[in-house]
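Novice: for reference, the sequence and a predicted model appear below.
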Amino acid sequence: MASKPFDPSKTLEELTGLNAGNPEDAETPLVEWVIRSWKKPIRNLSDDEIGRLVVQKDGFPYILDLVWPKLENDPLFDGGYYPGDVLSNLIRSDPQIWNDRPDYQAQLGALYQRALERASDENDAFRSSLDLPDEDSSVS
């Protein structure tokens, strides 16, 4: 990948130079959770935290570097909502998220195909999130 290496002991706040705020002042539990994630060293983020940050469209481009190996291992990686939620969100994301990671964008099609090749009981929520017809449905 053409991305610059970064120090995984740093937080998203340190890497971006942005202050996420005080989690105690968050208006919702989800916002509190996102703020807390921004304050952890990125190497300490759990799979659930990484996936949910992607789904919330937060922490780019650094979160892409953390989630990409997980997607390569399993394109239906579950970010806490349903199998394939992370890939579905990346497919539907604003193209600007790829500005610093064009190599990842170039691989989206292959991950998409791998996700579609999975059994229908594994990829049904993924297909539905993209408004794709049921694998078993026919077009007349």
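Specialist: Yep, it's here. Residues are numbered from 1 along each chain as shown.
Novice: which strand or helix spans D58?
Specialist: According to DSSP states H and E, D58 maps onto no helix or strand at all.
Novice: tell me the spacing between it and I50.
Specialist: Taking CB to CB, to the nearest Å as the measure, D58 and I50 are separated by 11 Å. Every residue, glycine included, has its C-beta placed from N, CA and C.
Novice: this protein: helices as residue ranges?
Specialist: If DSSP state H is used as the criterion, the helices of the chain fall at 12-16, 29-38, 47-55, 62-73, 85-91, 102-116, 120-129.
Novice: among the ones you listed, which is nearest G79?
Specialist: Taking CB to CB, helix 47-55 is the member of those nearest to G79, at 2.3 Å.
Novice: dump the C-alpha coordinates for that closest one into PDB.
Specialist: In PDB, the C-alpha atoms belonging to helix 47-55 read as follows (Å, rounded to 0.1, in the frame of the first residue of the first chain):
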ATOM      1  CA  ASP A  47     -12.700  -5.600  16.100                       C
ATOM      2  CA  ASP A  48     -16.100  -4.200  17.200                       C
ATOM      3  CA  GLU A  49     -14.700  -0.700  17.700                       C
ATOM      4  CA  ILE A  50     -12.900  -0.800  14.300                       C
ATOM      5  CA  GLY A  51     -15.900  -2.000  12.500                       C
ATOM      6  CA  ARG A  52     -18.300   0.500  14.100                       C
ATOM      7  CA  LEU A  53     -15.900   3.400  13.400                       C
ATOM      8  CA  VAL A  54     -16.100   2.400   9.700                       C
ATOM      9  CA  VAL A  55     -19.800   2.100   9.800                       C
END
